[in-house]
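Asker: Next one to model:
(4 chains)
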There are 4 protein chains.
Amino acid sequence: MYSFKNDYSEGAHPRILQALINTNLEQSEGYGMDAFTQEASRLIREIIQQPKAEVHLLSGGTQTNLTALAAFLRPHEAVIAANTGHILVHETGAIEATGHKILSVAVSNGKLTPEQIEAVLIEHCDEHMVKPRLVYISNPTEIGSIYQKAELEQLSQFCKANALLLYMDGARLGSALCSEENDLALAELAAFVDAFYIGGTKNGALLGEALVICNDSLKDDFRFHMKQKGALLAKGKLLGIQFRELFTDDLYFELARHANLMAGQLKQAIEQAGYPFLTHSPSNQVFPILPNSVITKLQEKYAFYIWSKVNEEYSSIRLVTSWATSQEAVAAFIDDLIQLTNKP
Amino acid sequence: MYSFKNDYSEGAHPRILQALINTNLEQSEGYGMDAFTQEASRLIREIIQQPKAEVHLLSGGTQTNLTALAAFLRPHEAVIAANTGHILVHETGAIEATGHKILSVAVSNGKLTPEQIEAVLIEHCDEHMVKPRLVYISNPTEIGSIYQKAELEQLSQFCKANALLLYMDGARLGSALCSEENDLALAELAAFVDAFYIGGTKNGALLGEALVICNDSLKDDFRFHMKQKGALLAKGKLLGIQFRELFTDDLYFELARHANLMAGQLKQAIEQAGYPFLTHSPSNQVFPILPNSVITKLQEKYAFYIWSKVNEEYSSIRLVTSWATSQEAVAAFIDDLIQLTNKP
Amino acid sequence: MYSFKNDYSEGAHPRILQALINTNLEQSEGYGMDAFTQEASRLIREIIQQPKAEVHLLSGGTQTNLTALAAFLRPHEAVIAANTGHILVHETGAIEATGHKILSVAVSNGKLTPEQIEAVLIEHCDEHMVKPRLVYISNPTEIGSIYQKAELEQLSQFCKANALLLYMDGARLGSALCSEENDLALAELAAFVDAFYIGGTKNGALLGEALVICNDSLKDDFRFHMKQKGALLAKGKLLGIQFRELFTDDLYFELARHANLMAGQLKQAIEQAGYPFLTHSPSNQVFPILPNSVITKLQEKYAFYIWSKVNEEYSSIRLVTSWATSQEAVAAFIDDLIQLTNKP
Amino acid sequence: MYSFKNDYSEGAHPRILQALINTNLEQSEGYGMDAFTQEASRLIREIIQQPKAEVHLLSGGTQTNLTALAAFLRPHEAVIAANTGHILVHETGAIEATGHKILSVAVSNGKLTPEQIEAVLIEHCDEHMVKPRLVYISNPTEIGSIYQKAELEQLSQFCKANALLLYMDGARLGSALCSEENDLALAELAAFVDAFYIGGTKNGALLGEALVICNDSLKDDFRFHMKQKGALLAKGKLLGIQFRELFTDDLYFELARHANLMAGQLKQAIEQAGYPFLTHSPSNQVFPILPNSVITKLQEKYAFYIWSKVNEEYSSIRLVTSWATSQEAVAAFIDDLIQLTNKP
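Answerer: Residues are numbered from 1 along each chain as shown, chains lettered A, B, ... in the order given. Below you'll find the model as predicted:
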């Protein structure tokens, strides 16, 4: 049984494991004050071309989102998110547990537009309602779409003009930036947002997300918030070593490119086999619509999520690739799909 | 510069790193549903002799404390802790951030007694005050003392009789259980408390604490709370693999015994050199009281915390040992201390 | 300028003011432990025919909702509400501020059905999502509709069968129960829900809502929660005296009947003048759809909210009546409307 | 049985009741936007000589404290309070329920000094601990002592120099300001603090506290916080009318002077009868130390709290006077005490 369920089924890229072995017995300061973390931060500041940005390494996406948003917002301030937003549905109310409402916007492709945000602002007009303050977006979105440079720039301008913070969840940021359709450089992206995070867990690390705070007004005392939320690891160097490695010799992007390459092969073959897709998804998630009979057969050899029922006979599934997805597994899946398609 | 600052300066014990390497490319279920985590849980249930206990693996001590206490308490319920309690001072108000007051009890040796708890209960008698509901203790305590079996049994009985939950922070539990003065078996300890955690970060793991919930009434839906607090790692197997290894072939206790052995050598030598100690500390922390001039000299070669000023000429320092503390470093420290003592 | 903006523009019914005067210098116990409050509670328990129900008097609707829901729910549990629900939009995130997500259900008439709730349950199936636990309904709803006995009974059965709590916001409960279309006795209603509140502020009191907890499992320590949320008034008798008066000689229902009568006259006249309504609203709120030109003219003499834009020429407005609405004002409004309609 | 238990046993001063009657049927805007509240705010801004201060009317002390502190603090920021502070013990963890730790300082007379605060600042030095940000004081304190102008000025300067906010709980502020020992004008007091509240509940109102925000940086969006915490009354004019009356013709101070006068008579008589006091309390609370036998006899005719056990034979009691305390009751109490003293 080979799994295409997600991009966190395996451990870490071998270079990362090797870096952990090489540094294992070096004594370091605790709680992220170690030299590895400092170096990882420096590398990230360099690549985003913001020497004054603050970089903090946390353990996972939910932890990063809740720590950041709780730190950035006053009690009456709310978040605006697409109805597909990870924080809205799939984080067990983590943001609300810190006291903040998330205002949901119905979108068709996972992405938010200035017009949609404006409608929320117009509706929330006085002290009987929460005050929208932060726009949460994901790149790629939860359904695999990515933001084009022009789209992000417009969002950014709208937010600045309306005293809104723009925050990007980058759990799979590598895949977005390495997409064939991407026209955004990481440094450009960083200039458009107030804060964002670079996901490590889903791109080669054992665990770890690098939160980048670009907006000066959000930087004060952030480590207090991390400690309060349980997000300061005693052996913080575990995160520092991994991100130092990921941002050395382009490893982070190399891994994302591999994931996208595997997803691309799947997409091309599925398309050639005559199946449509639920969404246009130029990153490492693929959402083909297949006959239920084919899905059942595939499930004998492959693990994946059934995403949604399309009609009585067809459903969409989600296939996720990663740095660890093997060429052989992709080829085998394609072969099996073609066979199932030809003699159903 | 050799550091005795804490027991999390190095990485993981080599056996743990090797286990991570060996399993690195095995595909596993995410979020702690993997076989490694199941096996680690089984091993822990076995050693505590509670087949129905629930075991959850989390990333760090503060995260474990805040997730557990927030899950166990209703909004008006409060925690009772010694004034040295880690949650009271050194976790940036993490418990209060989940809405719960911690009632502080002044103690001399880090340990709570039924009499002290009773005084808190008497004082908190109506709805104008919080309702004490959970007693937080640490073993060893934050100043290195340990609970004797009779003490813990009395606490346990008092708590049961007064509808109080008893929770033990075991960040350094291995060191307590392997102390020469310990008379508590882990299974006995587990029978006395409602929940406790077995610290991995400070005893050989890269990160990780194993929360054990013994009381049935506290088990429901705990994974919801973990997810909500950002405590479910996508690659949960990272924790499972480590705890499986720690509880295989007695590794966990072997590592703690080494830490205690190193601390014992330090203590014996310091005593022989004629210095007193701030507290009686039969675990892996040592709090000698030294002349400031000696401290200054030691700081040239060793890193450690100055714990408290004793008088104008003397201060206490904290020396912490771990599974990684080298015999050579301890011997060198002892030599240097003897030399500094003889020719000050 | 006469106001139909809401049902809290005036002070208290004269009988209530007189009761306050009569008892003003009697010394009473504080914080709701006074004899007036006890008597008010007894009267309410009697009318709902639940001798074991707990009655608590609070100051306002938002306070009642947030205190009750925060007391009833564990941290990972969520509320289900219609998208028109007052707690969802118009209480500044008060529920989320206590840590709980509200799951919004799109409804057309302000009312929830078992089918809609079931869809939410199906969607929320594991620990990556909040756990739906409490269904929030209002009677009358925020748009004036009321629950029929059969509807409430079905909701109640569905909730019981699915381990959901059913909570009713009764800010305008008097108006619902005195509606011509109502077929629910208060005692029946109380038997269907786990908790509800009887609104005083909008039906003759200076302030005050009577929260009734019917479900035994929700009663423990409720006064702790009230105190913690700032909802225990030192001079609790201020609320007790008012509710004792409201539930003496049927005053509460008499006042609601007057409000409904005034609303009925408005509705009948508006209908006869040929205007449609935005919603079917058999309680003390009326939502006529009028030409913008007529609205503008009416605004010269009457205050009311413009509720929504219907098209370029028409908008709906909200007219609210209360115990204090004068027959003269209603007649004058009707006259003016007829005149404006005939010679626009 | 006459009660000296507290200063909220009776209703409102007759002038206030009359004002409610006079304005009862005037239609007003809801939620504190009415003309009465505006006028009350103006009167308070005038008396404190701060035309730019913001005044908000809330229902009670706990509500005011929790709404203000939650609005003023970021999640990691903490409050410093005397160990007798009302928020620390007697508000059921209301501040912690909003997420903030209160750091307790042991004091002998209810009052905080710069030295004591500085010790807390020194101890809380990094991100592993909460960040002290707001100093909470009460005037008079919970044990009846009052701040002298020089004391408050020093506190104020210390706070400003250390980026601390200074907040005063004025539940019984009238009594402090009208104390014979007071040397502070209300306008001076207002200039020393960042925010404070003027208690109405304990000085003649049915309910109500006037929060005054002097520091510009704390003003933004405060009404959002009030609504979120359930502190915006629909019939906000209920509070506005009362405070307008209290600050018309010096009524507020007249009532406080009467309370102090009654307390003074009690104190003088008790002193002449030869009894000592637990604390020096120049306001409307008196804490005499009496033989238990005398206390038992007094309890037959008077209600009051037994404050603390002094030794086997003596206890301290608390007598509280108010605007409603009758001269006759005080005289009777004194007579009874003298009799009990002479023939025990």
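Asker: what does the stretch 101-250 of chain A put close to chain C?
Answerer: A:101, A:104, A:127, A:128, A:129, A:130 (CB under 8 Å from any CB of the partner chain). Backbone N, C-alpha and C define where each C-beta goes, glycine included.
Asker: between the residues you listed, which is closest to residue B:267?
Answerer: residue A:101 (54.7 Å; CB to CB).
Asker: which ones are touching that closest one?
Answerer: A:78, A:79, A:130, C:93, C:96 (CB atoms under 8 Å, 6 or more residues apart in numbering or on different chains).
Asker: Okay, it and residue A:87: tell me how far apart.
Answerer: 11 Å (CB to CB, to the nearest Å).
Asker: By neighbour count, which of the residues of the stretch 101-250 of chain A next to chain C wins?
Answerer: Among those, the one with the most neighbours (other CB atoms under 10 Å in any protein chain shown) is residue A:101, at 28 neighbours.
Asker: how about the strands in the stretch 51-200 of chain A?
Answerer: A:54-58, A:77-82, A:102-105, A:131-138, A:165-169, A:195-199 (DSSP state E, counting those that start in this stretch).
Asker: would TSV of the contacts of residue A:101 with pLDDT and distance to residue B:313 be doable?
Answerer: Shown next, in TSV, are the contacts of residue A:101 (pLDDT from 0 to 100; distance: CB to CB, whole Å):
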residue	pLDDT	distance to residue B:313
A:78	98	58
A:79	98	56
A:130	98	59
C:93	98	57
C:96	98	56
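Asker: Which one of these is nearest to chain B?
Answerer: residue C:96 (13.2 Å; CB to the nearest CB).
Asker: what about the longest helix in chain A?
Answerer: helix A:251-272 (DSSP state H).
Asker: tell me the mean pLDDT for that one?
Answerer: Helix A:251-272 comes out with an average pLDDT of 98.
Asker: helices or strands up against that helix?
Answerer: Using 3 or more CB pairs under 8 Å, 6 or more residues apart in numbering or on different chains; DSSP states H and E, the elements in contact with helix A:251-272 are helix A:173-177, helix A:237-246, strand A:285-286, strand A:314-320, helix A:327-342.
Asker: Rebuild these as JSON lines, extending it with mean neighbour count and distance to residue A:136.
Answerer: Shown next, in JSON lines, are the helices and strands packed on helix A:251-272 (neighbours: other CB atoms under 10 Å in any protein chain shown; distance: least, CB to CB, whole Å):
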{"stretch": "helix A:173-177", "mean neighbour count": "29", "distance to residue A:136": "14"}
{"stretch": "helix A:237-246", "mean neighbour count": "28", "distance to residue A:136": "23"}
{"stretch": "strand A:285-286", "mean neighbour count": "25", "distance to residue A:136": "19"}
{"stretch": "strand A:314-320", "mean neighbour count": "21", "distance to residue A:136": "22"}
{"stretch": "helix A:327-342", "mean neighbour count": "15", "distance to residue A:136": "32"}
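Asker: Include mean pLDDT when you put those into TSV, please.
Answerer: TSV is the format used below for those (pLDDT from 0 to 100):
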stretch	mean pLDDT
helix A:173-177	98
helix A:237-246	98
strand A:285-286	97
strand A:314-320	98
helix A:327-342	96
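Asker: Which one of these lies nearest to residue D:227?
Answerer: Of those, nearest to residue D:227 by CB to CB is helix A:173-177, at 37.4 Å.
Asker: Any residues of the stretch 51-200 of chain A in contact with chain B? List them.
Answerer: Counting by CB under 8 Å from any CB, the residues of the stretch 51-200 of chain A near chain B are A:59-67, A:91-94, A:97.
Asker: contacts with chain C among the residues you listed, please.
Answerer: Among those, chain C is touched by A:91, A:92, A:93, A:97 when using CB under 8 Å from any CB.
Asker: Give me the distance from stretch A:114-122 to the chain's centre.
Answerer: Centroid separation for stretch A:114-122 versus its chain: 24 Å, with CA atoms, centre = their mean, to the nearest Å.
Asker: Kindly report the domain assignment for chain A.
Answerer: Listed by automatic domain parsing, the domain ranges of chain A are A:2-6+A:251-342, A:14-246.
Asker: Could you identify which of the ones you listed is most buried?
Answerer: domain A:14-246 (a mean of 22; mean count of other CB atoms under 10 Å in any protein chain shown).
Asker: Any idea how far apart the tips of that one sit?
Answerer: 11 Å (CA to CA, to the nearest Å).
Asker: how far away is residue A:7 from chain C?
Answerer: Relative to chain C, residue A:7 is positioned 16 Å away (CB to the nearest CB, to the nearest Å).
Asker: and that residue, how many neighbours?
Answerer: Residue A:7: 29 neighbours (other CB under 10 Å).
Asker: returning to what we had before: what would the strands of the stretch 51-200 of chain A look like in JSON lines with distance to residue B:312?
Answerer: Below are the strands of the stretch 51-200 of chain A laid out as JSON lines (distance: least, CB to CB, whole Å):
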{"stretch": "strand A:54-58", "distance to residue B:312": "41"}
{"stretch": "strand A:77-82", "distance to residue B:312": "51"}
{"stretch": "strand A:102-105", "distance to residue B:312": "57"}
{"stretch": "strand A:131-138", "distance to residue B:312": "52"}
{"stretch": "strand A:165-169", "distance to residue B:312": "51"}
{"stretch": "strand A:195-199", "distance to residue B:312": "48"}
